[in-house]
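J.: Build me a structure from this.
(chains A, B and C)
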Amino acid sequence: MTKTKKSITQLLVTCMVDAIRPQVGTAVKTILNKNGCEVEFPKQQTCCGQPAFNAGFLKQARAMARHTIDVFTNTSGPVVVPSGSCTDMIVHHYPELLKSDPVYSSKAKKLSDRTYEFTQFLVDKLGLTNVGAKYNGNTTYHPCCHGLRNLNLVQQPSTLLDNVEDLEQVVLPCAEECCGFGGLFSVRMSEISGAMLDKKLSHVEETGANVLIAGDVGCIIHMQGGLRRRGSNIQVKHIAEILNGCD
Amino acid sequence: MKRAHFLQKVSSAIGNRTLPDQDETSTRQNTPATADLQTLINKFIEEANAVKAETHLASNDEVALQTVIQLLNNQTNNKYMSWDDSCLPIKNLEQRLDSANYLRYQSTVPRDTMERTRTHIKLAEVSVGITGCNAALADTGSIVLESKPGQGRLSSLLPAIHIALLTTDQIYPTMESYIKAQPEAGYRSSNLIIVTGPSRTADITQTLTLGVHGPGTLHIIIVGNV
Amino acid sequence: MAATELSFYDRISDALANPDGQLAIAAGAKAKYDNRARAMSEFPSMEMTRDRARSIRAHTLSQLDKFLAEFADNVEALGGHIFWAKNAQECNQYINEIARAKDVQLVAKAKSMLTEEISLNQSLETSGIDVVETDLGEFIVQLSGDKPSHIIAPILHMTREDVGNVFQEKLNVPFSDDPATLNAIARAHMREIFLKADMGISGVNFGVSESGAICLVTNEGNGRLISTAPRIHVAVMGMERLVPTLADLSIMLQLLARSATGQKLSVYSNILCGPRRKNESDGPEELHIVILDNGRSEILGSALSEILYCIRCGACLNACPVFHSIGGHAYGSVYPGPVGSVLSPLLFGDPWNPLPHASSLCGACKEVCPVDIDLPGLLLKSRSQQITKGKSPLWMQLSQWIYAITSCNPILFGLALRSGQVVSRLLAYDGWFTTLPGPLQGWSTHRDFPALAQKSFRQLWDKPSQG
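T.: Model (predicted):
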């Protein structure tokens, strides 16, 4: 194999991964390193601002968008994000949010153009289908809504998972139905969120799988918290953790 | 509100330029649809059957007449209403049905209010309505009827059974191709009705039932050398 | 929290506390969703038709004043009457006046969400006029004194037993829960009403400006009967419901039934062009079309104008997991679901402000919309407009400010993470919180919340050996 120069990538780890599931960030770094990418982590990053944006607090969302843009402006290479919803925020909403800002409008566009969700980056940019992962488990996959519908993440996760050695996969019934997280929706409209969660988890239990895989940590903690409340032993893992072969 | 004031409010609103596709000019283009006659007929039959219309082939007028008489047998009564003979694709229907002891109810509704209601109630006794068609649409199995003079609406609406006589040259591939060929169809009478199967509802627990208010049975007799 | 905001949450609780009702709605909506999916998969030119449909809506609205004028001129040239109604009151007043002037005792009505929006039935009934809903679902709603729970399928929330009970009680017939029997009862009952009614009232699915025609779409045939048998037909049309030409109408019709129920076309696509003409055998002697604004011109000039593209197919309701969970009644509006969550605050005001928040923004609605309305985008705009107007709970405003200040300052952010870790060490059990305080307690009624990781990713990055 010819030695190729390592390309630099920026990791936007997301606040939820940072605070609650750092192992997802570690998995992403490991996988990128294994596949010819040097990973930089600009330490000034905080939160993309999506919770403010979704609640209608545009002033606050713009402030956080500007901060995130500043953090990544003088870095090089693609920005990789282990979250469909945060990627959607940056790629689709940052340019719109800042379109009237004379300084940040073009910066937002530049960041938007170089930001990718993790599985999207592996498959579409690095051309990978098999990351050499091995994971022994009976699993089922829930496609998180923002990544599924706004980034069209269908073929990328399935291709990568199909090539994980020893991985058994069961199709999740009504997989494309929302799990009910929706960020602040889970708190503000908690009864509806709970009803949607119940429905999702019943489908998960139907599969007989012992691991549920998903791509967004927000949805993951919502579903794991619900499974735990039901007394279930099913573990919810981020796709990066599976692709990193941890169990 | 006065028209001018109403429209002024609309104009101002448009002037705010808040529509996402403000200057859209409409990308309606006609897609050409062609097919040979046999394919069209087969497609029409398939689609009409799929929406629970019953189709019958009649190679000529006589066969069509016989089919009508057959369908009229075993009905609740011998009363029917129909389009005028001159509007039907087969000749002498009224005369032939008269000799077979079927009674045609005149379906022209008087303009006087009391007479109008009386006539409607009388016409509700009729068990079969017979009409021609102005066109048919193969891709959806639909028939198209216009309410021109001699072709009242009620014959295809009031009775429980509707028999429609269609000739093969009336079948168009799609609604779009029909409108392109006959753009005046939309305004040359007070009613253009596109009928796609018998009346139905699934309002009660999504269970399909036929024959709610319009005819519950639709027979389409396709006349022509097929 | 305002009293009406509280009542939305009460209605949600009520809906969720009725598992049978919930199941009926979810199953009914899912069936329609699946039927739509099947119909679209069998429709090869679906994407192209959808583009064309959207472009027709966009084109029409961007010159709506011109098309409305053309439409009205053509209706009047045919001998029809046009009335321009600013609001519900003007519309109802006009219709009552015609009814009075023409000695109308009985009205046969086809289903129209617009007439429910303006409470037309109540207005006529107050004048002593009998109004009978002729769409089967709406008839049952009327008999039972209920409200519709879906814009296309009014009794999605009722079981067949429910319907049987209503008929037995109100129509004095033996109990039956067989749909075919129930339909036959309704048909027989309704015949007389159609034929004796003095006036038929309907909505309008689409007006066609080039001819002054109006299109009524039904499966049952009641739309045809009420616009044929009574001597007067009154059609109430939302001002945005126009298309320029008959060819444009055919594009919309390709999508309407497929989106609503999965049918290629509804049974009756009824195009009415003026009242009965000279030498025609039947039809209404008079046709009145009321063009209604009722807040639509404000919407047209606002950032939420895209919602006027809606053709009222109901597909977004059928795709929405929130609608599946709580059903139509919980929204407290004639327009529920995703479209209703945008429209209701705009048409009916502040009490409906919580509706745009009842969405996880999953995007299933946008996926199925036949004119590709960016419903999640409109819900977000709705929310941000509320914030601009200061309509948000105090705890939310406070927490958003704190969150923004913290997230714009990496040192504060790091501090916040470390404080969260301390709290987790002290209060979490086995790595989890089973209760959360204050406004966050909604989370913990249904799920546990994880403790923060003992070392955050950024801490591990600095000192990887501590991972």
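J.: pLDDT (mean, whole number) over the helix or strand containing residue A:96?
T.: Secondary-structure assignment from DSSP states H and E places residue A:96 in helix A:94-97. Averaging pLDDT along helix A:94-97 gives 98.
J.: go on, stretch A:12-21?
T.: On average, stretch A:12-21 scores 97.
J.: Check which residues of that stretch are buried.
T.: A:12-21 (16 or more other Cβ atoms under 10 Å in any protein chain shown). Any C-beta I mention is one placed from the backbone N, CA and C, and that applies to glycine too.
J.: Ok, stretch A:226-234 next?
T.: A:226-229, A:232, A:234.
J.: Stretch A:87-97 spans what distance, first to last residue?
T.: One end of stretch A:87-97 to the other measures 15 Å (Cα to Cα, to the nearest Å).
J.: what's next to it, contact-wise?
T.: A:12, A:48-50, A:53, A:58, A:61-62, A:65, A:68-69, A:79, A:81, A:105, A:108-109, A:111-112, A:115-117, A:120, A:146-147, A:150-151 (Cβ atoms under 8 Å, 6 or more residues apart in numbering or on different chains).
J.: Burial check on residue 130, number of neighbours?
T.: Assuming you mean chain A. Residue A:130 has 12 neighbours, counted by other Cβ atoms under 10 Å in any protein chain shown.
J.: oops, I was thinking of chain C
T.: When neighbours are counted by other Cβ under 10 Å, residue C:130 registers 14.
J.: Then residue C:20?
T.: Number of residues near residue C:20 (other Cβ under 10 Å) recorded here: 10.
J.: so it sits right up against residue C:159, yeah?
T.: Yes: with contacts counted by Cβ atoms under 8 Å, residue C:20 reaches residue C:159, the gap being 7.3 Å.
J.: And the furthest pair within the buried residues of stretch A:12-21?
T.: A:12 and A:20 (15.9 Å; Cβ to Cβ).
J.: And the helices in chain A, which stretches?
T.: A:15-19, A:22-34, A:50-54, A:58-73, A:84-88, A:94-97, A:104-113, A:118-120, A:145, A:155-162, A:185-188, A:190-207, A:217-229, A:239-243 (DSSP state H).
J.: again with the stretch 151-300 of chain C
T.: Applying DSSP state H, counting those that start in this stretch to the stretch 151-300 of chain C gives helices spanning C:160-171, C:179-196, C:222-226, C:246-260, C:296-300.
J.: Contacts for the longest one next, please.
T.: This points to helix C:179-196. B:117, B:120-121, B:124, B:201, B:204-205, B:207, B:209, B:211-213, C:106, C:108, C:132, C:134, C:136, C:139-140, C:160, C:163-164, C:167, C:171, C:173, C:176, C:222, C:225-226, C:229-230.
J.: Name the nearest residue to the residue in the stretch 151-300 of chain C positioned nearest to chain B, ignoring sequence neighbours.
T.: At 2.4 Å from chain B, residue C:221 is the closest residue in the stretch 151-300 of chain C, using Cβ to the nearest Cβ. Closest residue to residue C:221 in three dimensions, ignoring its sequence neighbours and counting by Cβ to Cβ, 6 or more residues apart in numbering or on different chains: residue B:214, at 2.4 Å.
J.: Check the secondary structure at that neighbour for me.
T.: Assigned with DSSP: H, G, I helix; E, B strand; the rest coil, residue B:214 falls in the coil class.
J.: Give the burial count for it, as a bare number.
T.: Residues near residue B:214, counting by other Cβ under 10 Å: 30.
J.: Likewise for residue C:188?
T.: 11.
J.: Residue C:420 now?
T.: For residue C:420, using other Cβ under 10 Å, the count is 16.
J.: Next: residue C:414.
T.: That count, for residue C:414 with other Cβ under 10 Å as the rule, works out to 17.
J.: A helix includes it, no?
T.: Yes: applying three-state DSSP, one finds residue C:414 inside a helix.
J.: if I look at it, how far off is chain A?
T.: 9 Å (Cβ to the nearest Cβ, to the nearest Å).
J.: what's near enough to touch that residue?
T.: Contacts of residue C:414 (Cβ under 8 Å, 6+ apart): residue C:458.
J.: What separation is there between it and residue C:365?
T.: 39 Å (Cβ to Cβ, to the nearest Å).
J.: Check residue B:114 too.
T.: 51 Å.
J.: neighbour-wise, which of those two wins?
T.: residue C:365 (29 against 8).
J.: if you average pLDDT over the helix or strand containing that one, what comes out?
T.: Taking DSSP H and E as the definition, one finds residue C:365 inside helix C:364-368. Averaging pLDDT along helix C:364-368 gives 98.
J.: ok, residues contacting it?
T.: A:145, A:149, A:176-178, C:33, C:36, C:259, C:315-316, C:318-321, C:337-339, C:372-376.
J.: gap between it and the chain center?
T.: 14 Å (Cα atoms, centre = their mean, to the nearest Å).
J.: Where does pLDDT dip in the chain?
T.: Going with chain A. Where chain A drops to pLDDT under 70, the residues are A:1-5, A:246-247.
J.: ah, no, chain C please
T.: C:1-6, C:464-467.
J.: Quick one: the strands in chain B, in order.
T.: Along chain B, the segments classed as strands by DSSP state E run B:54-58, B:79-82, B:103-104, B:128-131, B:135-137, B:142-146, B:161-167, B:171-172, B:191-195, B:200-201, B:209-210, B:217-223.
J.: Bridging across strands, which residues link to the residue nearest to residue B:82 when sequence neighbours are not counted?
T.: Leaving aside its chain neighbours, residue B:82 sits nearest to residue B:130 (3.9 Å; criterion: Cβ to Cβ, 6+ apart). Beta-bridge partners for residue B:130, by DSSP bridges, are residue B:82, residue B:163.
J.: who's in contact with residue B:130?
T.: By Cβ under 8 Å, 6+ apart, residue B:130 lies in contact with B:68, B:80-83, B:88, B:93, B:155, B:162-165.
J.: Ramachandran angles for the closest residue to chain C within chain B?
T.: Residue of chain B nearest chain C, by Cβ to the nearest Cβ: residue B:214 (2.4 Å). In terms of degrees, to the nearest 10, the main-chain angles of residue B:214 are phi -80, psi -180.
J.: Do you know the pLDDT at it?
T.: 94.
J.: Check the gap between it and residue C:212 for me.
T.: Distance from residue B:214 to residue C:212, by Cβ to Cβ: 25 Å.
J.: so how far is stretch C:116-124 off the chain centroid?
T.: The answer for stretch C:116-124 is 17 Å, by Cα atoms, centre = their mean.
J.: how about the buried residues of stretch A:12-21 in JSON lines, adding distance to chain C?
T.: Listed next are the buried residues of stretch A:12-21 as JSON lines, based on distance: Cβ to the nearest Cβ, whole Å:
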{"residue": "A:12", "distance to chain C": "11"}
{"residue": "A:13", "distance to chain C": "5"}
{"residue": "A:14", "distance to chain C": "9"}
{"residue": "A:15", "distance to chain C": "8"}
{"residue": "A:16", "distance to chain C": "10"}
{"residue": "A:17", "distance to chain C": "6"}
{"residue": "A:18", "distance to chain C": "4"}
{"residue": "A:19", "distance to chain C": "5"}
{"residue": "A:20", "distance to chain C": "6"}
{"residue": "A:21", "distance to chain C": "7"}
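J.: Residue B:128: how many residues sit nearby?
T.: A count of nearby residues for residue B:128, using other Cβ under 10 Å, gives 26.
J.: wait, what's in contact with it?
T.: With Cβ under 8 Å, 6+ apart, residue B:128 has these contacts: B:71-72, B:75, B:79-81, B:159-163.
J.: Please pick the buried ones from the residues you listed.
T.: B:71-72, B:75, B:79-81, B:159-163.
J.: Tell me which of those residues has the lowest pLDDT.
T.: residue B:75 (84).
J.: residues in contact with that residue?
T.: B:127-128, B:161.
J.: Please apply the same query to residue C:118.
T.: C:87-88, C:91-92, C:236, C:292, C:294.
J.: swap the cut-off to 10 Å and go again
T.: Going by Cβ atoms under 10 Å, 6 or more residues apart in numbering or on different chains, residue C:118 touches C:85, C:87-92, C:95, C:112, C:236, C:290, C:292, C:294, C:334, C:347.
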